[in-house]
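In: Here is a sequence with its predicted model. Questions after.
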Amino acid sequence: MYHLFVSGSDDTWDSDFATLTADRCLKNAEWTAAQLVEEYCQYSREQIALLIQLPAIFAYETGCKRDARLGRVRTIRKHGMNVRVDFQFLEAYPPITNDLLKEMQWDLGIHDAELYRTHWALKDEDLSAALQQAGFPAIPFVDQPLVNIHEHEFQVALSFPGELRGYVESVARQLVRAVGHNSVFYDNFYKSQLAIPNLDTALQAIYRHRSRLIVAFLSQDYASKKWCGIEFRAIREIINEKNNDTVMFVRHDNAAIDGVFSNDGYIDANSHTEAEVAAMIHERVILQRNSARQNH
């Protein structure tokens, strides 16, 4: 998710705050999806705490002929018919030209008329992935609301060696778009919360007790890595308890892994793209959800 701010005044974003008309902010009529309006846009303290975790594009209406900037919202205060937003740019991040913003409209969920109207919208698209696809650097923070991972329950947790990070990150980001924000445990999404003592215990709790589906990306490197071994102890315990529907293997080679046998089913990563693997993981999530509904 991300914020899209558009202004028709060519100096709005030259300061570090802006005062906006409330009827142009976070409304379904102003291109924010109705579900997002209900979940995030009522200006409650809890919702504001989530909103300020998201990245933001600060753009100008097309007639202003000024580049958009990437940044983040620092505070949001609503008073009567006005909303004040304090913000800061990511100074090291390159500007986004208006022409390029138009080219990226589909990937960013921006409607044709939006770049001709002053407003603030909340978008459910993956801003980081879209910008990287267009050749921009990665956004240095994750574009989803903040949750406490030591209490939160995930739909999917991904276990992998660092050598496969590029492949797995692509799978993770596509999964988030399909399954939902904060549904996928992928370490780079939660760096600050993993910088703790006794990380091994915290990881085992996530994989063993607070993830409905664990996907292990197996390879020769997986077999030899310390942290993969720590995570796989939790996976092995799940297998020993015969909870087979909660584990999924994706193989990158035929390396022997202690606890994985020749008759265990897997997805061949060499025969499937990241998007195809993400789609198959999503299928398993759907099946789990359907089964849970039937059991209730």
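Out: Happy to help now that I have it. Residues are numbered from 1 along each chain as shown.
In: Could you list the domains of this protein?
Out: 2-133, 154-295 (automatic domain parsing).
In: got TSV for those domains, with mean neighbour count, distance to Ile139 and mean pLDDT too?
Out: Every C-beta, even on glycine, is put in place using the N, C-alpha and C of the backbone. Supplementary listing: these in TSV, determined by neighbours: other CB atoms under 10 Å; distance: least, CB to CB, whole Å; pLDDT from 0 to 100:
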stretch	mean neighbour count	distance to Ile139	mean pLDDT
domain 2-133	17	4	93
domain 154-295	16	11	91
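In: Quick check: which of those domains is nearest to Gln144?
Out: With respect to Gln144, and counting by CB to CB, the nearest of these is domain 154-295 at 4.0 Å.
In: hmm, back to that, switch the domains of the chain over to JSON lines; also include distance to Phe141.
Out: As requested, the domains of the chain are arranged in JSON lines below (distance: least, CB to CB, whole Å):
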{"stretch": "domain 2-133", "distance to Phe141": "7"}
{"stretch": "domain 154-295", "distance to Phe141": "9"}
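In: out of those, which comes closest to Leu146?
Out: Each of the domains of the chain was scored for nearness to Leu146 using CB to CB, and the closest is domain 2-133 (4.5 Å).
In: starting at the chain centroid, how far to the closest one?
Out: Between the mean C-alpha location of domain 2-133 and the chain-wide mean there is a distance of 17 Å, by CA atoms, centre = their mean, to the nearest Å.
In: Out of the domains of the chain, which gets nearest to Pro140?
Out: Proximity of these to Pro140 was assessed by CB to CB; the nearest stretch is domain 2-133, lying at 7.1 Å.
In: for the residue nearest to Leu213 when sequence neighbours are not counted, what are its contacts?
Out: Distances taken as CB to CB, 6 or more residues apart in numbering put Val156 closest to Leu213, at 4.9 Å, once the chain neighbours are dropped. By CB atoms under 8 Å, 6 or more residues apart in numbering, the contact set of Val156 is 175, 179, 183-185, 211-215, 281, 285.
In: and what of Arg69?
Out: Residues touching Arg69, when contacts are defined by CB under 8 Å, 6+ apart, comprise 13, 57-58, 89-90, 93, 95-96.
In: Just give me the closest of the residues you listed to Glu169.
Out: Within the contacts of Arg69, the smallest distance to Glu169 is 19.3 Å, found for Tyr93 (CB to CB).
In: Check which helix or strand the residue nearest to that closest one when sequence neighbours are not counted maps to.
Out: Closest residue to Tyr93 in three dimensions, ignoring its sequence neighbours and counting by CB to CB, 6+ apart: Leu70, at 4.5 Å. Leu70 is located in strand 69-79, with elements delineated by DSSP states H and E.
In: after that strand, next one along is what?
Out: Next helix or strand after strand 69-79 toward the C-terminus (DSSP H and E): strand 82-89.
In: how about a markdown table for the contacts of Val156, with secondary structure and distance to Arg233 added?
Out: Output for the contacts of Val156, formatted as a markdown table (DSSP: H, G, I helix; E, B strand; the rest coil; distance: CB to CB, whole Å):
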| residue | secondary structure | distance to Arg233 |
| --- | --- | --- |
| Leu175 | helix | 24 |
| Val179 | helix | 25 |
| Ser183 | coil | 24 |
| Val184 | strand | 21 |
| Phe185 | strand | 16 |
| Ser211 | strand | 14 |
| Arg212 | strand | 19 |
| Leu213 | strand | 18 |
| Ile214 | strand | 12 |
| Val215 | strand | 16 |
| Ile281 | helix | 22 |
| Val285 | helix | 24 |
